[in-house]
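**Student:** mind looking at a prediction? Sequence and model below.
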Amino acid sequence: MEFTTDDLKALFHRLAARMAAERDALCALDGLVGDGDHGIAMEQGMVAADAAVAGADGSLQDLFNAGAKGFLNAVGASSGPLYATAFLRAGKVAGPRPAMPRDDLRQIIAAMRDGVAQRGKAAPGMKTMLDAWHPAAEAALGGAAPDAITAAARDGAEATRTMVAAIGRSERLGARSLGHLDPGAVSAAMVIEDICRALRGQG
Amino acid sequence: MEFTTDDLKALFHRLAARMAAERDALCALDGLVGDGDHGIAMEQGMVAADAAVAGADGSLQDLFNAGAKGFLNAVGASSGPLYATAFLRAGKVAGPRPAMPRDDLRQIIAAMRDGVAQRGKAAPGMKTMLDAWHPAAEAALGGAAPDAITAAARDGAEATRTMVAAIGRSERLGARSLGHLDPGAVSAAMVIEDICRALRGQG
Amino acid sequence: MTLPTQKLINDGNAAVDEMLAGILAAHPDHLFRPADAPRAIVARHGPRPGKVALVIGGGSGHEPTFLGFVGKGLADAAAIGNVFASPPPQPAVDAALAAQGGAGVLFMYGNYAGDVMNFDMASELLEMEGVEARTVLTTDDIASHTDRAKRRGVAGNVFIFKAAGAAADLMLPLDEVERIARHANARTCTMGVALSSCSLPQTRRPSFDLPVGEMEIGMGIHGEPGVRRGPLRPADEVVDEIMDALLAEMGAARGDRVAVLVNSLGATPLMELYILNARVAQRLDQAGLGVHRTLVGPYCTSLDMAGASITLMHLDDELTRLIDHPCDCAMFRHG
Amino acid sequence: MTLPTQKLINDGNAAVDEMLAGILAAHPDHLFRPADAPRAIVARHGPRPGKVALVIGGGSGHEPTFLGFVGKGLADAAAIGNVFASPPPQPAVDAALAAQGGAGVLFMYGNYAGDVMNFDMASELLEMEGVEARTVLTTDDIASHTDRAKRRGVAGNVFIFKAAGAAADLMLPLDEVERIARHANARTCTMGVALSSCSLPQTRRPSFDLPVGEMEIGMGIHGEPGVRRGPLRPADEVVDEIMDALLAEMGAARGDRVAVLVNSLGATPLMELYILNARVAQRLDQAGLGVHRTLVGPYCTSLDMAGASITLMHLDDELTRLIDHPCDCAMFRHG
Ligand SMILES: Nc1ncnc2c1ncn2[C@@H]1O[C@H](COP(=O)(O)OP(=O)(O)O)[C@@H](O)[C@H]1O
Ligand SMILES: Nc1ncnc2c1ncn2[C@@H]1O[C@H](COP(=O)(O)OP(=O)(O)O)[C@@H](O)[C@H]1O
Ligand SMILES: [Mg+2]
Ligand SMILES: [Mg+2]
Ligand SMILES: [Mg+2]
Ligand SMILES: [Mg+2]
């Protein structure tokens, strides 16, 4: 059973609902180390991406591109360029196909990681969303089971607790960022979890 | 035992201490129907009057005049002109004497009432400090015992609860002023109580 | 027991004098304080021989009202009271004597019992010095009384003082300046809402209790209770309630023009004020009224109170000219 | 559970767009919005052929920063983001294209990761349209990092934008405007304290927890935690801590001159700001520094946050001239 444009639309729809549900929790996390708006950015971004993707025709790449543009223009902030770049890279992997093997979602996860890394110029360990995307991408490329990829992302997010922020809004906190989760890593683990559901064939 | 300039200095000193102690309670009352500052005005006014009187030489009238000026210049507000006029009127009654019979404090109370009434252009029943000064003055002139004068002032203040404000800052409240004490009447009853202690020969 | 409110102050009793020191340090080109008059603030440019002196004043805690409106083209001097307390007569006398140019003094201030008593005493003292002093009370708060003459003066002060100050700057005689001041006041209406109490620097406690989820409608600028209390509603509904009242009171004809002030009571930031103004503009448009000028910001505040007021001045040709007249004050400039 | 904070808004998600509607309604003589560019605000007067376009921007919630500083003599346009969120590239491109006069574009904004990513994308898009775009980040918040290049841009924006805007208004070429912008930034230092959290219109919950009796020292303008938390202290002590840090950082010599900004983070009223300024003026006097100009008020806010910041710009002849250059913006005028 391949991953079709309808599946991609469903995925975006789920991500929008998920981020709406998690909005206040993500804002609260961002309030501790940042400016308190990460949940708003992720909700607005995914809702806009969902609307753009739902209204778009064409290939998987076309839909990813529409999602990228929708997310970016609705949000700006840090999350906007990061997720927009991630979706554009995902679109390149998906290509002008109406569907692809579900296992290609592994490459999608890796491409999104690459997009975040390239746009944000961060390295793993700097206490950013990359600390969820990077271990997930490594697990995905290494052939891990969907649940293991999800767990890798979640563990990566959890590990940001012990990191001192070295980039982004919380960088200036220094040691005061210790003990707190990075909100972008937490939301990234949720996004990855939903992609892994699709990889498992469940959505 | 006459009422001397030293007694008058002691009275002002006691009034200053009393208003300082009651400041927050009077502010809270004023917060309900006015602008929340009556305790501050009374404290600043009596403290300034006390300092002026303590530093002044001369007759009872000289001291009352110094107190009037001190109170007025420190306070402004509604209380300033009202108490300044009251003290000036009291001074006129006391006259250029170094001492006076204690019973003349009855005329002092009445003169203060007259000063408040003249300056404020209010009538009894309008829910102002006059509602304490007026019954106290009537009781004083009628020869009531000091405790009865105090009680008349206190009852008058208490009765403002049932009045709808017809003048001053709380006038615009209309029926919303019902059920609340007038802060100026409450502080007036305290002032009258301390004058009555002096009338009783206790200070 | 409630905890003290958070303020950047030293001693609450010294707040007004320290504020004045900070104002004089910030605005030496605009303002000065006459010798031996610690509570009188006078415009460096503006007062001059033959000119009516406009002297405004009132309690502190409303900044930039009053002293922020002292300057060339607006008020010549201000008398400064304690927080929410009319100044005593002396500062008003000091301000008037420093600003007067032989053509008389016009006192303007909001209609409060304390201010009336103190400024009237000041007028008597000036009379004894041979200086003629007249008084025009501002009474723009339509929520405060049905009888115009008994209403409070609130944020509309800005426009009313502005018109009178322009008239004085144009060297009109005292009769004319007084007439214009009354006319400006008669055509200015304000109504406000509060979303929180304020707290005095001396008490650092909320002056009254306003539960979260509620607002006070018709609130005065000293925390005096308003006409009623109700649930906090969306901005557009709040504006609609205020605009219904203002428009009914003003009775303007389609095609008439107004000046608008959307004012913060202190703690409400510009974002919210401009959201209110979006609806104000819609309502004026629907009513067929033209907007000549809109001011948005903290113009007449109530210490740290959250809330806002809306003022409309119903313009005519005379008021339009006066509102357009340039002024240069420490905290307000135009033209 | 905390109750929602009290705000005069309608829908939190619509707050920015409704605010913009209210701003355009209030300031039609100063500002307009190009067709199909809902989040770009352009000066009516200012942009012209041959002039470098100064385009500023960033998240909303800091009003009057950024759009209040768009006008003749200051910025030519602003790109408007969501609350506390950098605008995406498109509004920055829209603003730049509407304002540019063939002499290039200078983007100026505070140094935040999100703004850098979005404005860099905008620069790339402009490059493709054949418009040269340079960038100068403001980094005046000395509490935010020991390394100047990594610091946040906060209230010092006002002076830094002002200097660059004056340079552009004087028709200097892009190289010069950029040099001056960097120079102005290098000589501007800010530090602030917060006395309360702010709350976003969408959440209407305090973004962080700040117990009564405490303050956050070195607070950013988005509620980012500062360098440390400590007990709320008297105004003079707060000023002393900030001034010690600013003066040490600035390293000015006796006889040098500064421009001063005492800024409200939103809910702190003028009375408190001027009390702070009284002490600022004393400290500058003790340090032998002259005060060329003092601004006091809400210039760079953080929604409804209580608190204040102090900015010093260390002037030289060039910066003095530029700071004195006239500007006429909807929310800021000079000269
Ligand atoms: N340079 C970067 N590279 C990767 N991720 C980043 C970078 N900067 C910020 N982030 C991520 O963005 C998240 C914050 O996003 P958001 O709150 O939406 O934006 P903003 O910081 O602009 O308010 C952080 O938690 C972090 O995970
Ligand atoms: N015209 C008046 N005549 C008599 N008393 C008055 C009058 N106006 C006000 N008061 C008294 O003054 C009190 C308020 O005093 P205060 O709070 O010090 O002044 P302000 O109203 O200026 O804040 C009222 O409670 C009332 O008793
Ligand atoms: Mg954030
Ligand atoms: Mg009072
Ligand atoms: Mg008062
Ligand atoms: Mg943000």
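**Tutor:** Sure thing, it's come through. Bear in mind the structure is a predicted one, so any value in this text is a computation, not a measurement. Residues are numbered from 1 along each chain as shown, chains lettered A, B, ... in the order given. Ligands and ions are numbered 1, 2, ... in the order given.
**Student:** which residues of chain A lie near ligand 1?
**Tutor:** A:30, A:34-35, A:37-38, A:41, A:77-79, A:82, A:116, A:120-122, A:128-130, A:167-169, A:182-185 (C-beta under 6 Å from any ligand atom). Yep, even glycine has a C-beta here, placed from its N, CA and C like the rest.
**Student:** out of these, list just those in helices.
**Tutor:** Among the residues of chain A next to ligand 1, the members falling in helices (DSSP state H) are A:30, A:38, A:41, A:79, A:82, A:116, A:120, A:130, A:183-185.
**Student:** residue of chain C closest to ligand 1, please.
**Tutor:** Nearest residue of chain C to ligand 1: C:Met271, at 17.2 Å (C-beta to the nearest ligand atom).
**Student:** wait, that residue sits on D:Gly59?
**Tutor:** No. Using C-beta atoms under 8 Å, C:Met271 is not in contact with D:Gly59, being 11.4 Å away.
**Student:** show me the strands in chain A, by range?
**Tutor:** A:3-4, A:99-100 (DSSP state E).
**Student:** got those as CSV, with distance to ligand 2 columns?
**Tutor:** Formatted as CSV, the strands of chain A follow (distance: least, C-beta to the nearest ligand atom, whole Å):
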stretch, distance to ligand 2
strand A:3-4, 73
strand A:99-100, 76
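**Student:** would you turn these into CSV with distance to ligand 3 and mean pLDDT?
**Tutor:** Shown next, in CSV, are those (distance: least, C-beta to the ion, whole Å; pLDDT from 0 to 100):
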stretch, distance to ligand 3, mean pLDDT
strand A:3-4, 31, 98
strand A:99-100, 33, 98
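**Student:** the host helix or strand of C:Met215 pairs with which strands?
**Tutor:** C:Met215 belongs to strand C:214-217 when elements are defined using DSSP states H and E. Here strand C:214-217 is paired, per DSSP bridges, with strand C:188-194 (antiparallel), strand C:228-231 (antiparallel).
**Student:** tell me how many other residues surround the residue of chain C found nearest ligand 4.
**Tutor:** Nearest to ligand 4 in chain C, going by C-beta to the ion, is C:Phe84, at a distance of 6.5 Å. For C:Phe84, the count of nearby residues is 30 (other C-beta atoms under 10 Å in any protein chain shown).
**Student:** now do the SS call for C:Met171.
**Tutor:** coil (DSSP: H, G, I helix; E, B strand; the rest coil).
**Student:** and the gap between it and ligand 5?
**Tutor:** According to C-beta to the ion, to the nearest Å, C:Met171 and ligand 5 sit 36 Å apart.
**Student:** for the nearest residue to that residue once chain neighbours are set aside, grab the count of nearby residues.
**Tutor:** The shortest distance from C:Met171 to any non-neighbouring residue, by C-beta to C-beta, 6 or more residues apart in numbering or on different chains, is to C:Lys51 (5.8 Å). The tally of other residues near C:Lys51 (other C-beta under 10 Å) stands at 22.
**Student:** returning to what we had before: just the ones in helices among the residues of chain A next to ligand 1 that are near chain C?
**Tutor:** Contacts with chain C are made by none of those, judged by C-beta under 8 Å from any C-beta of the partner chain.
**Student:** out of the strands of chain A, which comes closest to C:Asp209?
**Tutor:** strand A:3-4 (59.1 Å; C-beta to C-beta).
**Student:** confidence score at the nearest residue to C:Gly156 once chain neighbours are set aside?
**Tutor:** Spatial nearest neighbour of C:Gly156, chain neighbours left out: C:Asp140 (3.1 Å); criterion: C-beta to C-beta, 6+ apart. C:Asp140 carries a pLDDT value of 98.
**Student:** for the one 5 residues further on, same thing?
**Tutor:** As predicted, C:His145 sits at a pLDDT of 90.
**Student:** one more: A:Leu178?
**Tutor:** At A:Leu178, pLDDT is 88.
**Student:** also A:Val75?
**Tutor:** pLDDT at A:Val75 comes out at 97.
**Student:** now do the contacts for it.
**Tutor:** Neighbouring residues of A:Val75 by C-beta atoms under 8 Å, 6 or more residues apart in numbering or on different chains: A:41, A:44-45, A:48, A:83, D:82, D:85, D:88.
**Student:** okay, now C:Gly104: neighbour count?
**Tutor:** There are 21 residues near C:Gly104, going by other C-beta under 10 Å.
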